[in-house]
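[1] just coords:
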């Protein structure tokens with residue numbers, strides 16, 4: 001009964017457009033170009049993010065809140081934004097020399113899901129391919145090469161025909177996202193309820209994610225992509 005209830009909730013509440021986004025994020029590799037940490041945009045953080053920043057830096061939450069965040073211009077309830085500094089409006093947590101977040105392994109959740117998972121569920125653009133992001137440029141190149149690979153095409157065909165395997169992969173993707181967001185207990189609970197667990201070998205999971213992404217997303221427009229970083 002518990003599994004049935006979860007699967008009903010899962011199929012009803014989790015949009016299908018989220019799964020290829022998660023698959024893309026699994027495959028994406030940050031190249032530390034620092035472009036996402038600079039510019040006019042801003043990173044929205046909530047109290048859990050502030051608490052994690054404080055814990056990582058060994059300071060009190062109110063100190064982290066004052067030193068690293070500003071009020072949210074969009075007035076999202078319970079949220080603030082990371083402070084921007086300097087002429088390039090760099091994130092206050094960016095190490096300028098290393099071009100990397102000072103707390104990368106404990107960075108805010110919105111940063112962990114960038115750039116493939118779109119927080120705006122109302123947008124028509126499921127995935128944004130940023131022209132100034134080196135990681136995105138390499139991701140696009142990989143897709144262009146792999147989409148014509150016979151072995152990948154074979155994996156896509158196999159995945160398309162196996163309904164139970166496809167459903168299990170979607171659960172894995174959701175579990176992976178929960179773990180990446182720091183919600184380890186929730187991910188473990190999903191594993192217990194469904195009997196589905198992430199593969200011990202990361203390469204096996206990545207192979208399935210690639211097949212799933214290419215199966216569910218059109219890649220026709222990728223040939224027009226140009227890296228401008």
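    Received the coordinates, thanks. What you see is a predicted model; the values in this text were computed from it and never measured.

[2] strands along this protein, start to end?
    44-46, 69-71, 79-82, 84-85, 90-91, 94-95, 100-101 (DSSP state E).

[3] so which elements touch the second one?
    With contacts defined as 3 or more Cβ pairs under 8 Å, 6 or more residues apart in numbering; DSSP states H and E, the packing partners of strand 69-71 are strand 79-82. Where you see a C-beta, it was placed from the backbone N, CA and C, and this is true even at glycine.

[4] kindly report the same for the third one.
    Secondary-structure packing of strand 79-82 (3+ Cβ pairs under 8 Å, 6+ apart): strand 44-46, strand 69-71.

[5] show me the contact partners of it.
    The contact list for strand 79-82, computed with Cβ atoms under 8 Å, 6 or more residues apart in numbering, reads 42-46, 50, 65, 68-73, 91-93, 108.

[6] sorry, back to before: let's have the helices and strands packed on strand 79-82 in a markdown table, adding mean neighbour count.
    Shown next, in a markdown table, are the helices and strands packed on strand 79-82 (neighbours: other Cβ atoms under 10 Å):
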| stretch | mean neighbour count |
| --- | --- |
| strand 44-46 | 20 |
| strand 69-71 | 15 |
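
[7] any chance of a markdown table for these, columns distance to residue 138?
    A markdown table is the format used below for the helices and strands packed on strand 79-82 (distance: least, Cβ to Cβ, whole Å):
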| stretch | distance to residue 138 |
| --- | --- |
| strand 44-46 | 26 |
| strand 69-71 | 31 |
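
[8] got JSON lines for those, with mean pLDDT and distance to residue 204 too?
    Formatted as JSON lines, these follow (pLDDT from 0 to 100; distance: least, Cβ to Cβ, whole Å):
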{"stretch": "strand 44-46", "mean pLDDT": "95", "distance to residue 204": "34"}
{"stretch": "strand 69-71", "mean pLDDT": "96", "distance to residue 204": "39"}
